[in-house]
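Visitor: Can you look at this prediction? I've put the sequence above it.
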Amino acid sequence: MGSYLPRSTKVGILGGGQLGKMLAQEASRFDVDLSFLDPSASCPVSKISPSFTCGDFNQYDDVLNFGRPMNVVSVEIEHVNVEALRQLEREGVRVYPQPEVLSLIQDKGLQKQFYRKHGLPTADFDLFDGKSSLRSAIGSNAFDFPFVVKLRKGGYDGRGVFIISRPEQLGQVPDVPVLVESMAAIDKEIAVIVARDRSGNATAYSPVSMEFHPEANLVEDILCPAEIPPTAAESATHIALKAAEHLGVTGLLAVEMFFNKDGSLWINEMAPRPHNSGHLTLNNGAASQFENHLRILCDLPLGSGTWKLHSMMVNLLGEPGHEGLAVYHGLDEILTLPGVHLYLYGKDQTRPHRKMGHINITGDSAESCRQTASAIRKKIKITT
């Protein structure tokens, strides 16, 4: 029988946003010694963690100085200084996910090449150094309209993604390295999160469906189980496990996919960290994604990723036309609804479509969850 000595492993996390806050809340259950680095002194983690350092996770020296006292360093955001993490590894600090995994994930072009190399299904794509080479390809009819352009680096939550239906729309694309991929005939967007430990043991969470906000192009609702055929769910799980294995990742890997109208599955992109699509695991009977992330960092056995309750997540977004101190309307009414679990992220300032929190809904059917979600949308608003 193994032994567990609480707080014996010093764990450092780069990033102190809402993912870090939820990680800290789960860490208190295991009495894990968790420290955070974030450039914002008012980030969500700063309000609850006594071990918060204000510093830039994109700056080499800040990451190096923060990580040196730690036994393990991890992330809640993938856009961090990888060279500093490589140096920490050389100095004996364990880094999960590994720096080479983060380096690949930071570049959507490298991601696509990874899928192609390992036979993982994805959209047809081409890579371009900048706008001039892209224009030349369009002029030679290299691909058909419409198509999708994605910045290779820096994009997230829908930022850095452009749907191009005619040549003049290229003006909105920055002159930086991009990838171009064919449009998918999407039936559902889904995600599978894999937890993979230091020994290569892996468990996959049940696939979920994702529904996106039509203007902000970020996830608005998540539904578990995913609204796809059982055979497609099995295939999606297999693809996600295969991706994690080929990547060799230690930690969490969220694999976002398109379930297309012809029944095919394409990987869209991956994230090696806790993910918006996994928030349901806090309440639906699985070991939460945050708990499994901590188990991996502390070298503890993995928990189950299987749901026991139908569940739905509703993102709470800032109202259009409002920017300033956040005021929440309708909370008193929605908290009387059955199966409602509220998570506010602790962001003082709201702005249009900013993620301010989420609500998990649990019930005995997908329909009951949707009915509750509909009632929530009518009542809750986040304004100034």
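Guide: Good, I have the coordinates.
Visitor: Name the nearest residue to Pro229, ignoring sequence neighbours.
Guide: Excluding the flanking residues, the one nearest Pro229 by C-beta to C-beta, 6 or more residues apart in numbering is Gly263, at 7.9 Å. Every C-beta, even on glycine, is put in place using the N, C-alpha and C of the backbone.
Visitor: So the one you found is in contact with Ala232, correct?
Guide: Yes - at 6.8 Å, Gly263 counts as touching Ala232 under the criterion of C-beta atoms under 8 Å.
Visitor: Tell me where the stretch 201-350 of the chain has helices.
Guide: Using DSSP state H, counting those that start in this stretch, the helices of the stretch 201-350 of the chain run over residues 230-247, 289-297, 331-334.
Visitor: looking at these, which is buried most?
Guide: Highest mean neighbour count among the helices of the stretch 201-350 of the chain (mean count of other C-beta atoms under 10 Å): helix 289-297, with a mean of 25.
Visitor: Can you give the contact residues for that one?
Guide: 9, 11, 19, 22-23, 25-27, 29-30, 32, 72, 74, 96, 193, 195-198, 203, 205, 250-252, 273-275, 278-279, 281-282, 287, 300-303, 305 (C-beta atoms under 8 Å, 6 or more residues apart in numbering).
Visitor: Export it to PDB, keeping only CA atoms.
Guide: Taking Å, rounded to 0.1, in the frame of the first residue of the first chain, the C-alpha atoms of helix 289-297 are listed here in PDB:
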ATOM      1  CA  GLN A 289     -10.800  17.200 -14.600                       C
ATOM      2  CA  PHE A 290      -9.200  19.400 -12.000                       C
ATOM      3  CA  GLU A 291      -8.900  16.500  -9.500                       C
ATOM      4  CA  ASN A 292      -7.400  14.300 -12.100                       C
ATOM      5  CA  HIS A 293      -4.900  17.000 -13.100                       C
ATOM      6  CA  LEU A 294      -3.800  17.200  -9.400                       C
ATOM      7  CA  ARG A 295      -3.700  13.400  -9.100                       C
ATOM      8  CA  ILE A 296      -1.300  13.300 -12.100                       C
ATOM      9  CA  LEU A 297       0.900  16.100 -10.700                       C
END
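Visitor: now it: how far from the chain's centre is it?
Guide: 15 Å (C-alpha atoms, centre = their mean, to the nearest Å).
Visitor: so where is the protein shaky, pLDDT-wise?
Guide: Residue ranges of the chain with pLDDT under 70: 1, 157, 216-217.
Visitor: Could you list the domains of it?
Guide: 10-95, 124-182, 186-383 (automatic domain parsing).
Visitor: Could you find the closest non-adjacent residue to Asp33?
Guide: Arg7 (4.3 Å).
Visitor: What's the local residue count around that neighbour?
Guide: Arg7 has 11 neighbouring residues, counting by other C-beta atoms under 10 Å.
Visitor: Then Pro50?
Guide: For Pro50, the count of nearby residues is 7 (other C-beta under 10 Å).
Visitor: For it, grab phi and psi.
Guide: Backbone torsions for Pro50, taken as degrees, to the nearest 10, come to phi -70, psi -10.
Visitor: which residues does it contact?
Guide: Neighbours of Pro50 in contact, by C-beta under 8 Å, 6+ apart: none.
Visitor: From Leu23, how far off is it?
Guide: Note on Pro50: its distance to Leu23, by C-beta to C-beta, to the nearest Å, is 15 Å.
Visitor: Also Lys150?
Guide: Distance, Lys150 to Leu23, using C-beta to C-beta: 28 Å.
Visitor: Between these two, which has more neighbouring residues?
Guide: Counted by other C-beta under 10 Å, Lys150 and Leu23 do not tie: Leu23 has more neighbours, with 29 against 21.
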